[in-house]
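*Asks:* Just need the structure, nothing else, for what follows:
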Amino acid sequence: MAASEGGAPAAPAVWRRGKRRGNREGEPRKGKLPEGRRGKDPGERREEPRLRAWLPGRRRDRRLEKYWEGAQERYRERVVKRRAKRAGQVREDRVEGRYPLEKKPRCLRRLGTVEAEEEEKEACRRKTGRLEVPLPQLRRPTVRFSIYPTSPRASQRFLPCCLPGSTAINELAKMGDPDLLEVLAEKGEIGHKDIDYCFQMSEQSLSSRETSFLINEETMFQKNQQSKDSIFFRDGIRQIDFVLSYVDDIKKDAELKAERRKEFEKNLRKTGLELEIEDKRDSEDGRTYFVKIHAPWEVLVTYAEVLGIKMPIKESDIPRSKHTPISYVLGPVRLPQNVKYPQPEYFTAQFSRHRQELFLIEDQATFFPSSSRNRIVYYILSRCPFGIEDGKKRFGIERLLTSNTYSSAYPLHDGQYWKPSEPPNPTNERYILHKNWARFSYFYKEQPLDLIKNYYGEKIGIYFVFLGYYTEMLFFAAVVGLACFIYGLLSMEHNTCSTEICDPEIGGQMFMCPLCDQVCDYWRLNSTCLASKFSHLFDNESTVFFAIFMGIWVTLFLEFWKQRQARLEYEWDLVDFEEEQQQLQLRPEFEAMCKHRKLNAVTKEMEPYMPLYTRIPWYCFSGATVTLWMSLVVASMVAVIVYRLSVFATFASFMESDASLKQVKSFLTPQIATSLTGSCLNFIVILILNFFYERISAWITKMEIPRTYQEYESSLTLKMFLFQFVNFYSACFYVAFFKGKFVGYPGRYTYLFNEWRGEECDPGGCLIELTTQLTIIMTGKQIFGNIKEAIYPLALNWWRRRKARTNSEKLYSRWEQDHDLESFGPLGLFYEYLETVIQFGFVTLFVASFPLAPLLALINNIVEIRVDAWKLTTQYRRTVASKAHSIGVWQDILYGMAVLSVATNAFIVAFTSDIIPRLVYYYAYSTNATQPMRGYVNNSLSVFLIADFPNHTAPSEKRDFITCRYRDYRHPPDDENKYFHNMQFWHVLAAKMSFIIVMEHVVFLVKFLLAWMIPDVPKDVVERIKREKLMTIKILHDFELNKLKENLGINSDELAKHVMIEENKAQLAKSTI
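*Replies:* Here you go, the predicted structure:
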């Protein structure tokens, strides 16, 4: 059974209650019951001797006796009324209301007489050791709640004197049970003076609620008939703001955990939170307890002021942004206005509980949105102490979760995601989000960003704003990249270089030197015909244009993002936002390890302090571990290179000897086969290393003992990004800038570990291999990531629900449904950002080699948005709402990658692409005026004399030709400087370096000009911010002025007349002067 335990009910001031009671009763009571009430029920008069038996021997307080006799009368009146109602019921076992009754234990079932009820009540006391309320009070209770504000002073005085008892005592105090004084006196929890005040407050609370409307409601009901989507306590009124769960632990520390929970929940109640506990017998698995938490109004207004939450004070008169002509073209992608803008815009101010009249409070139950409520409750949970251990004060729900004292802590979803909520539940925003955001059929629609922010908080909301904005900007890059690809496709057949390579009279007569020692044979150039055509798709004149365009695009992307972020700060009331104290608060792990204290220069308070010398060993260990893992990545890349070198000869000899593969050889050369298998192997190694490093980096960061959560996240971000950067990009850097650059020449090749000869590029260059590598890693990562994000939580939730549903006859309640969902975790958003930033690197760092990269990223992000939306709304528990005004440290990382991308793309065009050597030949060495590129292939290949091969490198079989060709610019064998670089090599090298310098300076100049021209905050946003600040100050000034006039009792008309007279005097004085 659930035990509803909460804070003190709202009650008006004592003097008000006494005045109302006096008015109702006509005159003060003199200790005797009215004649009309006397002798109504012999069974009820039995209460008087019990009081008399308690009072003899003590000095009676007349005030207490007067109050007590009045309480007896009211108690008898309620009993009579309930019996009269019960007598008229047709069905005795069912009470009409919102929920049916739960089956009662025997000690609470209806009996025939009052004497039997008393006997059953006494039996219940003896059996359970708890005070049970007689049936007339529970069969048809009336749920009442106050419409009067609670006096803070009265609440503070009431809590300590009336809350120490059990839940039953609290309920008895609300109902004015005559046995309460005896029970409290026997327990010795309060003195006689406290009894007087407690009963005054208890009766006062009850009577104030009697002045409000009445709802026939059951405090207990059958679980199998309860609404599965109920997000309320059992009274159907108090909303569940947070849920804690735990399982009875039979291990050696079970008593310690139970004591921690008891102290923690006790302190939660002291803060004003109200708790209701679901017994494990009522849970689906039969072993999990659930603690439901509700934050009453007084708690919400107090902590809303502490957290500086902004709330509406007046509807804004600033119109929303007007639709531009292009917005009508984009009509199909727009959401309905009520979904896009679920609420009107307001002027807001930081909430103050002393200025509640200033704010637009229509209903206290719905004034604070659910995201703000769970944020406030989590703020309390993270600071609530649960005891003193080892001489140190322990506090915070995170520490209790780490020690498995509680198994989980989470706010509830609004309801089922596939259907709207039913009254009395509030609007099911989860259903609206799933319908308009998480469906894959809505992939072309914009996102309901305001609704996301309202439901999940600003931190998650700003991630989806960034992802959506990034996807929109990718559209323009994808269009230009696709145009460059189409240009290469259309010009492929007319490319002079490919034509010469494929020509049997030109490429067919050129014998290339072997690509490996002894095993590999000489090969004809036209065998790479198809590879040269594919290379032209990405290595053409448009490559230079696209590289420069992407350098400008990334600048526009970051500058416009700053504008979008500034507009978002205004729309979401984050203009004056400072980082939450939650991010700056000390981590419990840091406090536990600290043995020193230091005076904080700001707060002037002693706080935990860890000297630098105690942390240096962990910093060194952390740096060494990160370096070791980065070296491991490089080692794995070298291993893949060794694999490629070792299997290339196998592929070459196998394809030469097997006649059945002659058809395959036309498009699958040994180079391409080796590149494909090597790239796939490299991708698998990347995933394996990434899996282990994620866990090691989190462990290392904990061992560093960061002081705050912000330091922890920054340290983890640095480690993870450095490793991911090396892990995902190292292979691409190798192919782009190292492969084929240091191989030597025939007869003097460079060897890796003196055993494996260095890899050579294809005669058409290494760009096609870089494209292959980039395509496999980028698409493989995106496909694997989306499958993992969708399948992993789905499988875990299915298995968890399958294990939990052991008692199918019990209700699978709202909190149990959410308990069986996967937890998003504090680092869930971190990995989402990391995935997006790594993709941004693929799109910008190597985009010159693969113009279709923005298109692939665009398709992935369209799917990613819906996958993330689907998993958040259906597969994950609701996250605790938290604020953020930017994407944080990730923005600095994006700026760094943007600068690096200019250099990498310039080097790719210069050294990996073949565009610069072709331009040098076109302008300096071509002799054909009609077809300038005619003869370029022959010019780019040097000649080597077969007789100059060392014996251990030359093929064993003799050939009828005496020379072979290789890709380089060197003197022929008959030259006096044979095999040395010729002048064309230095011309090409100078052209490459010049291109890099010119491209970088041009792009950086454009970047700086754009950054200077585009303001960080749009002009209209600046004006709106000024207007809102002005109106807010004016509203606050008018409010304080009106309040002052009320306090001073000044007539507003007289004040206005006085002000007008003074103004006229001032104007007259000015005119006279």
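*Asks:* contacts and neighbour counts: CA atoms only from here.
*Replies:* Will do.
*Asks:* domain assignment for the chain?
*Replies:* 242-319+347-412, 451-596+845-1017, 1021-1070 (the TED database).
*Asks:* what would those domains look like in TSV with distance to residue 728, mean pLDDT and mean neighbour count?
*Replies:* Shown next, in TSV, are the domains of the chain (distance: least, Cα to Cα, whole Å; pLDDT from 0 to 100; neighbours: other Cα atoms under 10 Å):
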stretch	distance to residue 728	mean pLDDT	mean neighbour count
domain 242-319+347-412	33	88	18
domain 451-596+845-1017	12	88	18
domain 1021-1070	40	80	13
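*Asks:* got those as TSV, with distance to residue 634 columns?
*Replies:* Shown next, in TSV, are these (distance: least, Cα to Cα, whole Å):
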stretch	distance to residue 634
domain 242-319+347-412	36
domain 451-596+845-1017	19
domain 1021-1070	48
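*Asks:* in the stretch 451-600 of the chain, which spans are helices?
*Replies:* In the stretch 451-600 of the chain, the helices defined using DSSP state H, counting those that start in this stretch lie at 458-490, 496-502, 529-538, 541-571, 581-584, 588-593.
*Asks:* out of these, which comes closest to residue 515?
*Replies:* Ranking the helices of the stretch 451-600 of the chain by proximity to residue 515 (Cα to Cα) places helix 529-538 first, at 16.4 Å.
*Asks:* Identify the residues contacting that closest one?
*Replies:* In this structure, residues lying in contact with helix 529-538 by Cα atoms under 8 Å, 6 or more residues apart in numbering are 485, 487-489, 492-493, 495, 498, 501-502, 666-667, 764, 767-768, 849-851.
*Asks:* Return the alpha-carbon coordinates of that helix using CSV.
*Replies:* The C-alpha trace of helix 529-538 is given here as CSV (Å, rounded to 0.1, in the frame of the first residue of the first chain):
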residue,chain,number,x,y,z
CYS,A,529,41.6,2.9,-67.5
LEU,A,530,38.5,2.6,-65.3
ALA,A,531,40.3,3.9,-62.2
SER,A,532,41.5,7.0,-64.1
LYS,A,533,38.0,7.8,-65.2
PHE,A,534,36.7,7.4,-61.7
SER,A,535,39.5,9.6,-60.4
HIS,A,536,38.4,12.3,-62.8
LEU,A,537,35.0,12.5,-61.1
PHE,A,538,36.6,14.0,-58.1
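*Asks:* follow-up on the earlier one: residue 900 is nearest to which of the helices of the stretch 451-600 of the chain?
*Replies:* helix 541-571 (9.9 Å).
*Asks:* so how far is that closest one from its chain's centroid?
*Replies:* Relative to its chain's centre, helix 541-571 lies at 25 Å (Cα atoms, centre = their mean, to the nearest Å).
*Asks:* again, but for stretch 244-259
*Replies:* Distance of stretch 244-259 from its chain centroid, counting by Cα atoms, centre = their mean, is 30 Å.
*Asks:* Run through the residues that contact the closest residue to residue 373 other than its chain neighbours.
*Replies:* Nearest in space to residue 373, with sequence neighbours left out and distances taken as Cα to Cα, 6 or more residues apart in numbering, is residue 241 at 6.4 Å. Residue 241 makes contacts with 292, 293, 294, 295, 370, 373, 374, 377, 411, 412, as judged by Cα under 8 Å, 6+ apart.
*Asks:* So which of those residues sit within helices?
*Replies:* Mapping these onto helices (DSSP state H) picks out 370, 373, 374, 377.
*Asks:* circling back: please convert the helices of the stretch 451-600 of the chain to TSV, extending it with distance to residue 989.
*Replies:* Converted to TSV, the helices of the stretch 451-600 of the chain look like this (distance: least, Cα to Cα, whole Å):
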stretch	distance to residue 989
helix 458-490	26
helix 496-502	21
helix 529-538	22
helix 541-571	17
helix 581-584	52
helix 588-593	56
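*Asks:* Between those helices, which one is closest to residue 993.
*Replies:* Residue 993 lies closest to helix 541-571 among the helices of the stretch 451-600 of the chain, at 14.5 Å (Cα to Cα).
*Asks:* Run through the neighbouring helices and strands of that closest one.
*Replies:* If you count contacts as 3 or more Cα pairs under 8 Å, 6 or more residues apart in numbering; DSSP states H and E, helix 541-571 packs onto helix 458-490, helix 828-845, helix 889-907, helix 983-1013, helix 1019-1048.
*Asks:* any chance of those in a markdown table, with distance to residue 759 too?
*Replies:* What follows is the helices and strands packed on helix 541-571, written out as a markdown table (distance: least, Cα to Cα, whole Å):
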| stretch | distance to residue 759 |
| --- | --- |
| helix 458-490 | 27 |
| helix 828-845 | 23 |
| helix 889-907 | 19 |
| helix 983-1013 | 20 |
| helix 1019-1048 | 56 |
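*Asks:* Specify the stretch among those that is closest to residue 246.
*Replies:* Closest of the helices and strands packed on helix 541-571 to residue 246 is helix 828-845, at 22.8 Å (criterion: Cα to Cα).
*Asks:* For that closest one, which outside residues touch it?
*Replies:* Against helix 828-845 from outside (Cα under 8 Å, 6+ apart): 460, 463, 467, 550-551, 554, 717, 721, 724-725, 774, 778, 853-854, 857, 890, 894, 897-898, 900-902, 904-905.
*Asks:* Repeat the analysis, applying 7 Å as the threshold.
*Replies:* 550, 778, 853, 854, 897, 901, 904, 905 (Cα atoms under 7 Å, 6 or more residues apart in numbering).
*Asks:* what distance separates it from the centre of its chain?
*Replies:* 15 Å.
*Asks:* then that helix to PDB, C-alphas only?
*Replies:* Output of helix 828-845 as PDB, limited to C-alpha atoms (Å, rounded to 0.1, in the frame of the first residue of the first chain):
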ATOM      1  CA  GLY A 828      24.100  11.400 -23.500                       C
ATOM      2  CA  LEU A 829      24.200  14.900 -25.000                       C
ATOM      3  CA  PHE A 830      28.000  14.900 -24.900                       C
ATOM      4  CA  TYR A 831      28.200  11.900 -27.300                       C
ATOM      5  CA  GLU A 832      25.600  13.500 -29.600                       C
ATOM      6  CA  TYR A 833      27.800  16.600 -29.900                       C
ATOM      7  CA  LEU A 834      30.900  14.500 -30.400                       C
ATOM      8  CA  GLU A 835      29.300  12.600 -33.200                       C
ATOM      9  CA  THR A 836      28.200  15.800 -35.000                       C
ATOM     10  CA  VAL A 837      31.600  17.400 -34.600                       C
ATOM     11  CA  ILE A 838      33.400  14.400 -36.000                       C
ATOM     12  CA  GLN A 839      31.100  14.500 -39.000                       C
ATOM     13  CA  PHE A 840      31.800  18.200 -39.400                       C
ATOM     14  CA  GLY A 841      35.500  17.200 -39.600                       C
ATOM     15  CA  PHE A 842      34.800  14.800 -42.500                       C
ATOM     16  CA  VAL A 843      32.700  17.400 -44.300                       C
ATOM     17  CA  THR A 844      35.300  20.200 -44.000                       C
ATOM     18  CA  LEU A 845      38.800  18.700 -43.600                       C
END
